[in-house]
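[1] dropping a prediction and its sequence here:
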Amino acid sequence: MKKILISMENINDYIKDNKIIIMPNMIIPPSIKDYLKNNKIKISYEKSEYKEVKTGCLKERIKTILKKEYKIVDTKTIDKIISKVEEII
């Protein structure tokens with residue numbers, strides 16, 4: 001299982017509705033825990049790597065990844081990709 005280091009550069013990719021779900025494969029440095037606490041962001045720890053993800057939350061995460069990491073901003077392209085992902089899962 002690949003580990004994910006949570007940093008100030010990627011923290012917003014994991015925060016949704018003022019909440020963050022910490023998965024077993026995530027590494028959370030003390031400075032990030034302080035940031036979350038200071039900004040009153042609720043932290044939930046997930047014991048299982050395979051937690052069921054709500055569809056709305058998944059769509060938003062896909063949009064964020066496409067825009068930030070792949071620089072895809074075209075709405076039609078993003079919607080097509082999300083549709084393909086939904087077909088697969």
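    Alright, I've got the coordinates.
[2] how does this structure divide up, domain by domain?
    The chain breaks down into these domains under automatic domain parsing: 1-50, 52-89.
[3] how about the strands of the protein, start to end?
    Along the chain, the segments classed as strands by DSSP state E run 4-5, 15-16, 19-22, 26-27, 42-45.
[4] quick one: strands adjacent to the first one?
    Using DSSP bridges, the neighbouring strands of strand 4-5 in the sheet come out as strand 26-27 (parallel).
[5] can you list contacts of the strand it pairs with?
    3-6, 14 (CB atoms under 8 Å, 6 or more residues apart in numbering). Quick note: C-beta positions are derived from backbone N, CA and C, even for glycine.
[6] rerun that using 7 Å as the cut-off
    With contact meaning CB atoms under 7 Å, 6 or more residues apart in numbering, strand 26-27 is reached by 3-6.
[7] and the residue nearest in space to the middle of the chain, what pLDDT?
    The geometric centre of the chain, computed from its C-alpha atoms, lies nearest to Y14 (CA atoms, centre = their mean), at 3.3 Å. At Y14, the pLDDT value in this model is 90.
[8] isn't it up against N25?
    No - judged on CB atoms under 7 Å, Y14 makes no contact with N25 at a distance of 12.0 Å.
[9] list of residues touching the helix or strand of the chain with the lowest mean pLDDT?
    Taking mean pLDDT, DSSP states H and E as the measure, the chain has helix 55-69 as its least confident helix or strand, at a mean of 80. Under the criterion CB under 7 Å, 6+ apart, residues 13, 16, 72-73, 78, 81-82, 85 lie in contact with helix 55-69.
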